[in-house]
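Peer 1: Predicted structure and sequence below. I'll ask about it afterward.
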Amino acid sequence: MTTNRPARSAALAVGTALALVAALAPAQARTHAAEPLPAVTPKAETPTLYDDEAGGSANADDPAIWRDAADPDSSLVIATAKEGGLRVYDLDARQVQSVPAPAAPGPDDAPGRFNNVDLVHGLRLPAGRADLAVVSDRGHDRLRVYRIDRRRPGGPLTDVTDAAAPRVFSAGQDEVNDQHTAYGLATWTDPATGRSYALASRRNRTEVALLELLATPGGTVTYRKVRSLTLPSAFRLPDGTSWTPCAEPGELPQVEGMVVDPANGMLYAGQEDVGVWRVRADLSGTPKLVDKVREYGVPGVYDEETEECAPGADPGFGGTRLAADVEGLTLLTEPDGDGYVLASSQGDDTFALYDREPEDDNEYEGGFRVTAGRTADGSEECDGAAVLNAPLGSRYPRGLLVVQDGHDTPSVPEGREATGFKFVDLGRVMDRIDD
């Protein structure tokens, strides 16, 4: 993963592959023998973001797509750039606004670091209903909220976060500095009550919090924690042994990618080294593990000198469609009510599609890759994704898929960390899926 533990994830994937060659685990043998996934190419790509001493500290992570109902051609992509704040792009992938992350509160404290973003439509504010972009600020352990106004002269986003908005998980600045802070994020509006919520996961922990978004009389937005849910960090394997994903000491298998299906109020959460969970978005009920990553159950030993995990032999208890880390969950809806939960399989640069119906146990429906085309390179180690199956003017009449690229390949000196976002015609994706 580009945001966390890249060496460990790479080492685990490579080491596991070597162990599989020796062990010939049946589940993995089936995966290797499967038909290759179809490929689609991007139509456009955003300007490269750099996270190094020469180019600043901007690092692409997670996108959201906002549709301008009055003028779909003027729709926007709002995306996080970590310490680089937010970037806003038009449908040609050109930047129209850059919003900085908040400064560090003190000289020894972390600056703002925007991790994930999602949208809320029509939240009632004193001046009327507004569409909002909600962002997890990992650096400060808070949510930040931006009003969207496409025709605002200074740029479409205005910060409407209440100054008194609380920390999500931490009791004080010392805990914030430990960075066990708000990380992944998804939004949800309960159709039964009309109340809007954000669900935030905690970095290096298995906790997910449900936060109700609240408008203040002054026109800002704050939130309150309703409840939280802790997913497992250790797992009983079919052979009776217990397994915990290998990580740096003190770290637990975290959740980042999340999405809520508004039709049934189900939250899908990607626990990076484990798999995809399904649970009610109000965090009631019992979570169900929909699918596992291939590395599920693989033992590992952390090496403090190399800061990597050395994997052992694969016992064959993992899945066959996702390679750790599982990332970038988003919902692809269809007009007839069908659709898919889409997950980024970061370890093998693919995207997996699951039926959105819990009654069908979210059956796996296929997958695809985003590969280099004539106008843009593909997506590797994808952290975040967003999809909108709605007409977006002349550029994307059948909708849009936006995916993060963890290894952008511009003509720059080797060794610079370069990331960006790829815009893919959703019609092309659907055509390849249906082939």
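Peer 2: Perfect, I can see it now. Numbers count the residues shown, from 1 in each chain.
Peer 1: Could I get the contacting residues of the nearest residue to Pro397 once chain neighbours are set aside?
Peer 2: Spatially, and ignoring its direct neighbours in sequence, Pro397 is nearest to Pro391 (5.2 Å; Cβ to Cβ, 6 or more residues apart in numbering). For the C-beta atoms, the positions are set from N, CA and C on the backbone; glycine is no exception. For Pro391, the contact set (Cβ atoms under 8 Å, 6 or more residues apart in numbering) comprises 72, 397-399.
Peer 1: go on, Thr161?
Peer 2: 142-146, 220-222.
Peer 1: Repeat that for Tyr146.
Peer 2: Going by Cβ under 8 Å, 6+ apart, Tyr146 touches 78, 86, 99, 132-135, 157-161.
Peer 1: between those, which is closest to Ala60?
Peer 2: Nearest to Ala60 among the contacts of Tyr146 is Leu86, at 11.1 Å by Cβ to Cβ.
Peer 1: Look at the nearest residue to the closest one once chain neighbours are set aside and say how many residues are nearby.
Peer 2: Nearest residue to Leu86, sequence neighbours excluded (Cβ to Cβ, 6+ apart): Val99, at 4.0 Å. Per other Cβ atoms under 10 Å, the neighbour tally for Val99 reads 22.
Peer 1: what about Val99, distance to Thr330?
Peer 2: Going from Val99 to Thr330 by Cβ to Cβ, to the nearest Å gives 22 Å.
Peer 1: Likewise for Arg195?
Peer 2: 23 Å.
Peer 1: cool, and Gly415?
Peer 2: Gly415 is 31 Å from Thr330, where distance means Cβ to Cβ.
Peer 1: With neighbour numbers in mind, choose between the two.
Peer 2: Shown here are Gly415 and Thr330; by other Cβ under 10 Å, Thr330 has more neighbours (28 against 8).
Peer 1: Could you list every helix and strand in contact with the host helix or strand of Arg87?
Peer 2: Assigned by DSSP states H and E, Arg87 falls within strand 86-89. Under the contact criterion of 3 or more Cβ pairs under 8 Å, 6 or more residues apart in numbering; DSSP states H and E, strand 86-89 touches strand 76-80, strand 95-99.
Peer 1: what distance separates the first one from the middle of the whole chain?
Peer 2: Which is strand 76-80. Taking Cα atoms, centre = their mean, to the nearest Å, the mean C-alpha location of strand 76-80 is offset from the chain mean by 13 Å.
Peer 1: Provide the strand pairings for that strand, with the direction of each partner.
Peer 2: Using DSSP bridges, the strands paired with strand 76-80 in its sheet are strand 63-66 (antiparallel), strand 86-89 (antiparallel).
Peer 1: Out of those strands, which gets nearest to Glu295?
Peer 2: Checking those against Glu295 by Cβ to Cβ gives strand 63-66 as the closest, at 26.2 Å.
Peer 1: Can you dump the C-alpha atoms of that closest one in CSV for me?
Peer 2: Listed next in CSV are the C-alpha coordinates belonging to strand 63-66 (Å, rounded to 0.1, in the frame of the first residue of the first chain):
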residue,chain,number,x,y,z
PRO,A,63,-11.5,10.3,-5.2
ALA,A,64,-15.2,11.2,-5.2
ILE,A,65,-17.4,12.1,-8.1
TRP,A,66,-19.9,15.0,-7.8
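Peer 1: Show me what it is in contact with.
Peer 2: For strand 63-66, the surrounding residues in contact (Cβ under 8 Å, 6+ apart) are 75-80, 117-119, 131, 133, 148, 384-388, 392, 400, 402-404, 421.
Peer 1: What is the burial count for Lys43?
Peer 2: 21.
Peer 1: Okay, it and Phe423: tell me how far apart.
Peer 2: The value you get for Lys43 to Phe423, if Cβ to Cβ is used, is 5 Å.
Peer 1: Return every residue with contacts to both of these two.
Peer 2: Common contact partners of Lys43 and Phe423 (Cβ under 8 Å, 6+ apart): Tyr396.
Peer 1: In the protein, mark out all the helices, start to finish.
Peer 2: Assigned by DSSP state H, the helices in the chain fall at 6-23, 26-32, 173-177, 426-434.
Peer 1: If you tally nearby residues, what's the number for Val135?
Peer 2: Applying other Cβ under 10 Å, we find 31 residues neighbouring Val135.
Peer 1: meant to ask about Arg151, not that
Peer 2: So Arg151, with other Cβ under 10 Å, has 9 neighbours.
Peer 1: Kindly report the same for the one 4 residues further on.
Peer 2: Using other Cβ under 10 Å, Gly155 has 14 neighbouring residues.
Peer 1: Run through the residues that contact it.
Peer 2: Contacts for Gly155 (Cβ under 8 Å, 6+ apart) come out as 88, 96-97, 99.
Peer 1: Apply 7 Å and report the result again.
Peer 2: 88, 96-97 (Cβ atoms under 7 Å, 6 or more residues apart in numbering).
Peer 1: what residues does the strand holding Arg87 touch?
Peer 2: With contacts defined as Cβ under 7 Å, 6+ apart, strand 86-89 is touched by 46, 76-81, 95-99, 114, 135, 155-157.
Peer 1: buried subset of these?
Peer 2: Among those, those classed as buried by 16 or more other Cβ atoms under 10 Å are 46, 76-81, 96-97, 99, 114, 135, 156-157.
Peer 1: and those as TSV, adding pLDDT?
Peer 2: Formatted as TSV, the buried ones among the contacts of strand 86-89 follow (pLDDT from 0 to 100):
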residue	pLDDT
Thr46	97
Leu76	98
Val77	98
Ile78	99
Ala79	98
Thr80	98
Ala81	98
Val96	98
Gln97	98
Val99	98
Phe114	98
Val135	98
Pro156	98
Leu157	98
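Peer 1: Just the closest of those residues to Cys309, please.
Peer 2: Distance to Cys309, by Cβ to Cβ, is smallest for Thr80 among the buried ones among the contacts of strand 86-89, at 27.1 Å.
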